[in-house]
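Q: Fold the following, please.
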Amino acid sequence: MTLVRISDDALALACGADDVAAAFVAAGCTVERVSSWGMHWLEPLVEIDGIGYGPVGVADVGPILNDDAQLLCIGRIEDYPFIAKQQRFTFARAGKTRPLSLEDYAANGGWQGLAKARELGSVATIAQVTESGLRGRGGAGFPAGIKWTTVANAAADQKYVVCNADEGDSATFADRMVMEGDPFMLIEGMAIAALAVGASRGYVYIRSEYPHAIAKMEAAVRASAHLVAPFVLEVRVGAGAYVCGEETSLLNSIEGKRGEVRAKPPLPALEGLFGKPTVVNNVLTLAAVPWIMANGAAAYASVGFGRSKGTMPIQIAGNVKYGGLFEVGFGVTLGELVMTVGGGTASGRPVRAVQVGGPLGAYHPPADFHLPFDYEAFAAADGLIGHAGLTVFDDTADMSSQARFAMNFCAVESCGKCTPCRIGSTRGVELIDRIRARAGRAADKVETLPQMHNALKAERSLGDEITLLEDLCETMKFGSLCALGGFTPYPVLSALRHWPEDFGAPADREAAE
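A: Sure thing, here's the model as predicted:
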């Protein structure tokens, strides 16, 4: 009987994988539902004896079984260029194992990292994570070993490990793929963290928009409870607030409070969940730990670029020919990711911009394609890699519209705790609307008051409005309590800097001034 492997990943399901699987069963085949390889443009992707076919529809089942589907055949999946070029540490099992099979997980390297951590003990385990150079994959890039050391050294009767799985950025899906495709890996990483810092309880905080991930994680937690004991793990579901991706808002949400940013200090590592020392790490950060423990810190640190060690699961989306997940060592250039791996735009038109790092990331023109994918390199270019999501735009994109979207996104998602974010984003939308309409604005009654010494008394020109937008972005960037308001200026200012003509300003604005 022919064994057919088809992903049960949410994206594959959305593309009709269940119907394709049912058609193979009806044809007398045995169907195994496995994790996704991450080649999203080929879903539903079907594997038979290592050979891949995709994208497959119900009508293609007969031709595939009759060896008459050459146009859909991509050859051996592991040899396909998109897969062969990768360095898969975190996603080493992707496409190969059944997500909720403890047998598959153990047979493919699972639990080796936890066993090694138990053998080494807390201090040596933290040393391994520190020496690996692992940095937070949620966006901040903070060294994981330093955070773990802080929690381990804190005196408390109770400590926690919290996994931030509130993956709300545009063009990001790696966290979802881990939870849906390899949930035991995340559980193993959390158990290692708990052992290292002395925590007895943990929480996985998942956004409500991920029903398949929630179901998989809840089932995996139940199935593996005896393997990670005495560590106790629980899944908590968010209510859809983007700001709960910020660690202190997330902690408030778990505690049953309003999802609102806390002022720092104190840091969560000292006073976190329920006022106790807490490790808060992203899914990809924790998922990297089992590989590090099983293979050694030196092996992990040998891959990467500069201070950015190891691999990064990069998510390629937007107007791109080959969208999907591409895990590779830091240092690959932005141009290679977009043009070689991603194949350029799906529309066939020239690339105009690539947003890196989600809705709060900067827009980069093709002139930035030389940038190595590295925390410091992007920071030096007034950008950030964030959660490593790439959104590609072709030359029909209106960048002033994209800048407005960023400000409006911030206005809608702001928790309201701080004035620069709450008020600044709303004023920013109004300001960009006036700029896009090429309309100035007369001074209002408040601005004309004699005590308003710094307010412009005359009608603002387009140039004045653009200068005001830049000033507003500076206030938000340095005055906001968290990254929501603090990072919103990145897409706005980058759009203004690289495409001033979309705002009605001269293309060489600095020279014009």
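Q: Would you mind confirming that Val56 is in contact with Leu72?
A: Yes: the criterion here is Cβ atoms under 8 Å, and Val56 meets it with Leu72 at 6.3 Å. Placement of C-beta: from N, CA and C, glycine included.
Q: what residues are shared contacts of these two?
A: Common contacts of Val56 and Leu72 (Cβ atoms under 8 Å, 6 or more residues apart in numbering): Ile64.
Q: Between those two, which has more neighbouring residues?
A: Applying other Cβ atoms under 10 Å to Val56 and Leu72 shows that Val56 carries more neighbours, namely 27 against 18.
Q: can you count the residues close to the residue lying closest to Ser494 once chain neighbours are set aside?
A: Excluding the flanking residues, the one nearest Ser494 by Cβ to Cβ, 6 or more residues apart in numbering is Ala362, at 3.8 Å. By the criterion of other Cβ under 10 Å, Ala362 has 27 neighbours.
Q: per-residue confidence for Ala362?
A: pLDDT, Ala362: 95.
Q: Ramachandran angles for it?
A: phi -70, psi 160 (degrees, to the nearest 10).
Q: I'd assumed Gly383 was in contact with it.
A: Yes: with contact defined as Cβ under 8 Å, Ala362 counts as touching Gly383 (3.8 Å).
Q: just the helices in the stretch 251-400 of the chain please.
A: Using DSSP state H, counting those that start in this stretch, the helices of the stretch 251-400 of the chain run over 283-295, 297-301, 334-335, 375-380, 399-413.
Q: Can you list the helices and strands that the first one packs against?
A: Looking back up the chat, that one is helix 283-295. Counting contacts by 3 or more Cβ pairs under 8 Å, 6 or more residues apart in numbering; DSSP states H and E, helix 283-295 packs against helix 112-120, helix 122-132, strand 160-165, helix 174-181, helix 183-197, helix 297-301.
Q: Tell me which of the ones you listed lies nearest to Asp8.
A: Shortest distance between Asp8 and the helices and strands packed on helix 283-295, using Cβ to Cβ, is found for helix 174-181: 7.6 Å.
Q: Check what contacts the closest one and list those residues.
A: With Cβ under 8 Å, 6+ apart as the criterion, helix 174-181 contacts 7-10, 34-36, 38, 90-91, 93-94, 97, 99, 165, 167, 185-186, 204, 206, 210, 212-213, 216-217, 282-284, 287, 313, 315, 325, 387-388.
Q: check contacts around the residue most central in space within the chain.
A: Nearest residue to the geometric centre of the chain (Cα atoms, centre = their mean): His387, 3.4 Å. Contacts of His387 were listed using Cβ under 8 Å, 6+ apart, and they are 137-139, 167, 169, 172, 174-175, 282, 284, 315, 357-358.
Q: from these, which is closest to Gly16?
A: When the contacts of His387 are compared for distance to Gly16 (Cβ to Cβ), Gln315 comes out closest, at 21.9 Å.
Q: Not counting residues beside it along the chain, what's closest to the closest one?
A: Nearest non-adjacent residue to Gln315 (Cβ to Cβ, 6+ apart): Gly389, at 4.7 Å.
Q: Now do the same contact list for that neighbour.
A: Going by Cβ under 8 Å, 6+ apart, Gly389 touches Asp169, Ser170, Ala171, Thr172, Gln315, Ala317, Val356, Gly357, Gly358, Gly361.
Q: Go through the protein and flag its longest strand.
A: In the chain, assigned by DSSP state E, the strand with the most residues is strand 311-318.
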